[in-house]
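the following block contains a protein sequence and its predicted model.
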Amino acid sequence: MSRCRNAHVAMAAAVLLALLLTPAASAGIVWGPYVTNTSEHSAVVTWKTDPPTTGWIEYTPEGGETYRIPSPEREGVCHALLADLTPATTYRYRVGAGNETTGDCRFRTFGDDAFTCIIYGDTRGQKPFFTQSERHGLVAERIAAEEDILFVIHTGDFVCEEGEWDEFFAIAGPVLRNTTLVPVPGNHDGSVEAFSSIFALPAYYSFDAGSLHVTVLDSNDRAWADMGIQTAWLEDDLASPLPRKIVAFHHPPFSSDRQHPGGDRAIRDEWCGILSENSVDAVVSAHTHAYERYRADGTEYLVVGCGGAPFYALTEEKTGGYQTGCERTLGYLRATVSPESVVMEMVPVAEITEDGEVTMYQAGDATDTVRLPAPESGEWWNLLTSLPGKPELSELWR
């Protein structure tokens, strides 16, 4: 294990050295670029400069001509709206600030009926014990190696405090430069105004991607002052006719976290009935720093708080509907979406002992796999068993 730990420290040092030697970062681009708000016909590209300076973005569809527009703001955080885009098309882009230019980045507009996305969260560090580079960096490196990821849902708690945003964007840079980020507000991520400034999004919103409707909610304490408005919006939003639905918010309604055994009961009472009534396939959250999966009234509830934050211990006694879980393991969810189903795989990255010893998992491993909705016959068994890295498939539909 000491060899693994030494490799882990060396990798973290190499990541930081590479960031220091990146021309764009040293020239004043301190965040990004990263893409949010993607749809079939538009996207928003964001970057931050220090000191604030004017800039531009160039973007090119596959086989098309190059377009160039100036940055619309000078306050440091620049949001550039790319409009009139073509659905289901990969766009290459790069950003300039002052005399410096980033390397080529890419994203894909929505419109494909079948695609893959990634879900993970709780990436904050715990200084002085460890930084984001030491743990989140391991997860980000594996996600960046995934191919053809349409978007990444971050289930909240990007940072521990405001000063960590620079670190988050540095570590997540290899992931964010080639996909769309779908941010969920966590309790450590600041005010609604700060969230909107960083991501050009409100605290709750939704979008369609091919056959999937995604709803993002604000489950933080501040939201309860106007929760009736958000819940009414949720009921209207879930009337979407698309065949697959995923809902994301930070606080899990089901969890065996020792600090909050059973999960967030107020959230459960407020939203879970609505989610089941509207045939939501899966709910993804974080806040509990572990991986857990529950099943309630036809909806799968997945806690994916294993992106790098300090681990939480789980109780031996589980809330009804518990399916599986694991502690002290970094990882993320990989979801393969089609009109017929959503196949979700828990991809472990590393196990870390209380003493800080690191054991890396092999790329391609999956410790939990579930197909939604649950199959009514054995037609999916051959499909799942033909996919690599699917241990203990007999546990899928217990």
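Thanks, I have the structure now.

ok, Phe336 touching Ile118?
Small correction: residue 336 is Thr, not Phe. No: using CB atoms under 8 Å, Thr336 is not in contact with Ile118, being 10.8 Å away. All C-beta atoms are positioned from the backbone trio N, CA, C, and that covers glycine.

between the two, which one's more packed in?
Ile118 (23 against 15; other CB atoms under 10 Å).

hmm, Glu146 and the more buried one touching each other?
Yes: between Ile118 and Glu146 there is a contact at 6.4 Å, judged by CB under 8 Å.

what is the neighbour count of Ile149?
Neighbour tally, Ile149, other CB under 10 Å: 18.

try Ser219
28.

for it, grab phi and psi.
phi -100, psi 10 (degrees, to the nearest 10).

which ones are touching it?
Applying CB atoms under 8 Å, 6 or more residues apart in numbering to Ser219 gives the contacts 249-251, 264, 267, 285.

which one of these is nearest to Pro243?
Phe249 (21.7 Å; CB to CB).

contacts only, for the closest one.
Phe249 neighbours (CB under 8 Å, 6+ apart): 155-156, 184, 216-219, 267, 271, 283, 285.

again with Phe158
Per CB under 8 Å, 6+ apart, neighbours of Phe158: 123-124, 164-165, 168, 183, 186, 188-189.

what sits closest to it if chain neighbours are left out?
Phe168 (5.1 Å; CB to CB, 6 or more residues apart in numbering).

show the pLDDT at that neighbour.
At Phe168, the model reports a pLDDT of 96.

likewise for Asp50?
For Asp50, the predicted pLDDT is 87.

cool, Asp257 as well?
88.

re the thing from before, can you give me the buried ones in the strand or helix carrying the residue nearest to Phe158?
Applying DSSP states H and E as the criterion places Phe168 in helix 165-176. Within helix 165-176, the residues scored as buried using 16 or more other CB atoms under 10 Å are 165, 167-176.

do stretch 92-105 as well
92-97, 100-102, 105.

show me what contacts the residue nearest to Phe158?
123, 132, 136, 158-159.

repeat that for Cys326.
290-291, 346, 348, 367-368.

in JSON lines: these, plus secondary structure.
Shown next, in JSON lines, are these (DSSP: H, G, I helix; E, B strand; the rest coil):
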{"residue": "Ala290", "secondary structure": "coil"}
{"residue": "Tyr291", "secondary structure": "strand"}
{"residue": "Met346", "secondary structure": "strand"}
{"residue": "Pro348", "secondary structure": "strand"}
{"residue": "Thr367", "secondary structure": "coil"}
{"residue": "Asp368", "secondary structure": "strand"}
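
for those, which one is nearest Ser42?
Met346 (32.5 Å).

dihedrals phi and psi, Gly32?
phi 80, psi -160.

test my guess that it contacts Thr49.
No: judged on CB under 8 Å, Gly32 makes no contact with Thr49 at a distance of 9.6 Å.

burial count for the nearest residue to Trp224 once chain neighbours are set aside?
Leaving aside its sequence neighbours, Trp224 sits nearest to Ala266 (CB to CB, 6+ apart; 7.9 Å). Neighbour count for Ala266, taken as other CB under 10 Å: 13.

quickly find the element holding Ala266.
helix 265-267.

buried sites along the following helix or strand past that helix?
Sequence-wise, the next helix or strand downstream of helix 265-267 (DSSP H and E) is helix 273-277. Neighbour counts over helix 273-277 (16+ other CB under 10 Å) mark Leu275 as buried.

how about helix 273-277 as CSV, C-alpha atoms only?
What follows is helix 273-277, C-alpha atoms only, in CSV (Å, rounded to 0.1, in the frame of the first residue of the first chain):
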residue,chain,number,x,y,z
GLY,A,273,-44.2,11.3,-3.4
ILE,A,274,-44.1,13.7,-6.4
LEU,A,275,-41.1,11.9,-7.8
SER,A,276,-42.7,8.5,-7.7
GLU,A,277,-46.0,9.7,-9.0
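
give me the contacts around it.
231, 234-235, 238, 247, 283, 296-299.

just these now: which is nearest Thr329?
Val283 (20.7 Å).

that closest one reaches Glu300, doesn't it?
Yes: at 7.2 Å, Val283 and Glu300 qualify as touching, with contact defined as CB under 8 Å.

what is the rounded mean pLDDT of stretch 58-72?
92.

endpoints of that stretch, how far apart?
14 Å (CA to CA, to the nearest Å).
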